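1. Let's see this in three dimensions:
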Amino acid sequence: SLLEQLSHRAAETRGDTPCNLKWSNSHRIDPTNGGRCIHFTAASAGDIYVVFAGIPLQHETWLYVEISPEAVAIYKSMRLAVTQLELGAAGLGSDSLYQSYFVCVTEDDQAGTTVIQYGKTPDNERALHVWADLMIQEIMSVHYYAFGSGMHPVSLM
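-> Residues are numbered from 1 along each chain as shown. Modelled structure (predicted):
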């Protein structure tokens, strides 16, 4: 489980490679000019990944979020950067229960930074709840995103 991996690994360790990524031109983003948020509703008995990339085949250009039933982690270039262990941040761990999430990426050319934020949209509420974020002191130049899975399939609505 992600929680076990996090308890045994130091920061800067390599993350798992998400499975079943399907890159598409319809999943292009422009994270400049105020950023871009991806809102989605998903269910999985295991991990859900949202992967952003400058060049999809080059893992060092990846910035991604892993949502597991135990915790949430953010990775930069396949290296663990941030963890959130609060239960409210985690996925439901069910292939039949859907939950609404968002991931935002903002690149600020003037400041030379990239910010990624992960959160959930609580039921019957308009306010978003940010559970984890990361500021990187460089422009990652991510232009594509894809959804991935771990050992269990991910269903998206």
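
2. Show me the shaky parts of the chain.
-> The chain contains residues with pLDDT under 70 at 1-13, 124-125.

3. I'd say residue 89 and residue 117 touch.
-> No - with contact defined as Cβ atoms under 8 Å, residue 89 does not reach residue 117; the gap is 12.0 Å. All C-beta spots, glycine's among them, are computed from the backbone N, C-alpha and C.

4. where do the contact lists of those two overlap?
-> When contacts are counted by Cβ atoms under 8 Å, 6 or more residues apart in numbering, residue 89 and residue 117 have residue 132 as shared neighbours.

5. residues contacting the residue most central in space within the chain?
-> Residue closest to the average C-alpha location in the chain (Cα atoms, centre = their mean): residue 65, at 2.1 Å. Taking Cβ under 8 Å, 6+ apart, we find residue 65 in contact with 49, 50, 72, 73, 74, 75, 103, 116, 118, 132.

6. and it, what are its phi and psi?
-> phi -110, psi 130 (degrees, to the nearest 10).

7. residue boundaries of the helices in the chain?
-> In the chain, the helices defined using DSSP state H lie at 2-8.

8. Look up how far residue 44 lies from residue 96.
-> According to Cβ to Cβ, to the nearest Å, residue 96 and residue 44 sit 10 Å apart.

9. Please say which of these two ends up with more neighbours.
-> residue 44 (26 against 8; other Cβ atoms under 10 Å).

10. Let me see the contact set for that one.
-> 91, 93, 94, 95, 149, 150, 152, 153, 154, 155.

11. Tell me who's in contact with the second one.
-> Applying Cβ under 8 Å, 6+ apart to residue 93 gives the contacts 44, 45, 46, 68, 69.

12. my guess is the third one meets residue 66, correct?
-> Spelled out, it's residue 46. No - the pair residue 46 and residue 66 fails to qualify as a contact (Cβ under 8 Å) at a distance of 10.3 Å.

13. Same list, the contacts of residue 65, but as a markdown table with neighbour count please.
-> Formatted as a markdown table, the contacts of residue 65 follow (neighbours: other Cβ atoms under 10 Å):
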| residue | neighbour count |
| --- | --- |
| 49 | 25 |
| 50 | 24 |
| 72 | 26 |
| 73 | 26 |
| 74 | 23 |
| 75 | 24 |
| 103 | 23 |
| 116 | 27 |
| 118 | 23 |
| 132 | 21 |
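
14. Thank you kindly, that will do.
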